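Asks: Turn this into a structure:
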Amino acid sequence: MAESATRRVSEAPRTAVGRDGVLDIAARLFREQGYGTVSLRKIAEAAGIKAGSIYYHFGSKDEIVVAVLDVGIQVVHDNMQQAVSALPKDTGAETILRAAIAAHLRALLDLSDYTSANVRIFGQVPQSVRDANLPTRRAYEAEWDTLMSRLQERGALKPDVDIRRLRLMLIGALNATLDWFDPERGSAEALSRTYADVFLNGILERQDT
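Replies: Now for the predicted structure:
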């Protein structure tokens, strides 16, 4: 799943029927319409197949949803991990965090129906679906926690910063951009620089006392 996720996001949704084709179409429908209004029949119609054919690949709608959620998170995870891993070992904390923020936003805003669907429908799905998606979600959260804890141990982050709360605030703010981001009014790269400036430098002017 993770290995094919990054490849799929660079392609247009396929019309050929198959497991990946069904997922591509489902991700687009969930992104556009949400969880509740998208049925197996609607996915099948969009794929140009009979509803029963989906059962060759998935046992239920929620099984499709779990797969879409997993791919959506894995794409962002892979993008962020690769961006940070590509940096030289002696890279400073600010550059590392800027790279991680930019990679998250790029994957979220530029790459895929999966990433957008994940953010849009996660709050709409049954608890059983959330539970099934939890390992993938927790793995990405742990990636951020590990990164920021390492920077904190190096003295780059303040020792009293709560890593978990910082991660929740940061990822929550980045994910919320899906609700209002307009590529015609600016790029994801420019937005990532603005967000990084705020998170790393604050918003208040320092004044001498």
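Asks: Please name the residues that touch E143.
Replies: Shown in contact with E143 (C-beta atoms under 8 Å, 6 or more residues apart in numbering): 77, 80-81. Glycine gets a C-beta too; all of them are placed from N, C-alpha and C.
Asks: out of those residues, which are inside helices?
Replies: Counting by DSSP state H, the contacts of E143 place 77, 80-81 in helices.
Asks: Buried ones from those, can you make that a PyMOL selection?
Replies: Applying 16 or more other C-beta atoms under 10 Å to the ones in helices among the contacts of E143, the buried members can be selected in PyMOL as follows:
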select buried, resi 77+80
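Asks: Serialize the ones in helices among the contacts of E143 to TSV and add fields for pLDDT and distance to D160.
Replies: Below are these laid out as TSV (pLDDT from 0 to 100; distance: C-beta to C-beta, whole Å):
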residue	pLDDT	distance to D160
H77	95	28
M80	95	25
Q81	95	27
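Asks: What is the nearest of the ones in helices among the contacts of E143 to E189?
Replies: Nearest to E189 among the ones in helices among the contacts of E143: M80, at 14.8 Å, using C-beta to C-beta.
Asks: Verify the contact between that closest one and R98 for me.
Replies: No: distance between M80 and R98: 11.9 Å, which falls outside the contact criterion (C-beta atoms under 8 Å).
Asks: Could I have the CA atoms of stretch 157-171 written out in CSV?
Replies: Output of stretch 157-171 as CSV, limited to C-alpha atoms (Å, rounded to 0.1, in the frame of the first residue of the first chain):
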residue,chain,number,x,y,z
LEU,A,157,13.5,23.8,21.1
LYS,A,158,12.7,25.2,24.5
PRO,A,159,12.8,22.5,27.2
ASP,A,160,9.3,23.4,28.5
VAL,A,161,7.6,22.9,25.1
ASP,A,162,5.0,20.1,25.3
ILE,A,163,5.9,18.1,22.1
ARG,A,164,2.5,16.4,21.8
ARG,A,165,0.5,19.7,22.1
LEU,A,166,2.9,21.4,19.7
ARG,A,167,2.4,18.6,17.2
LEU,A,168,-1.4,18.7,17.6
MET,A,169,-1.5,22.5,17.1
LEU,A,170,0.9,22.4,14.1
ILE,A,171,-0.7,19.5,12.1
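Asks: Please spell out which residues along it are buried.
Replies: Across stretch 157-171, burial judged by 16+ other C-beta under 10 Å covers 157, 163, 166-167, 170-171.
Asks: after the lengthiest helix in the chain, next one along is what?
Replies: As assigned by DSSP H, the longest helix anywhere in the chain is helix 127-153. Next along the chain after helix 127-153, taking DSSP states H and E as the criterion, comes helix 163-175.
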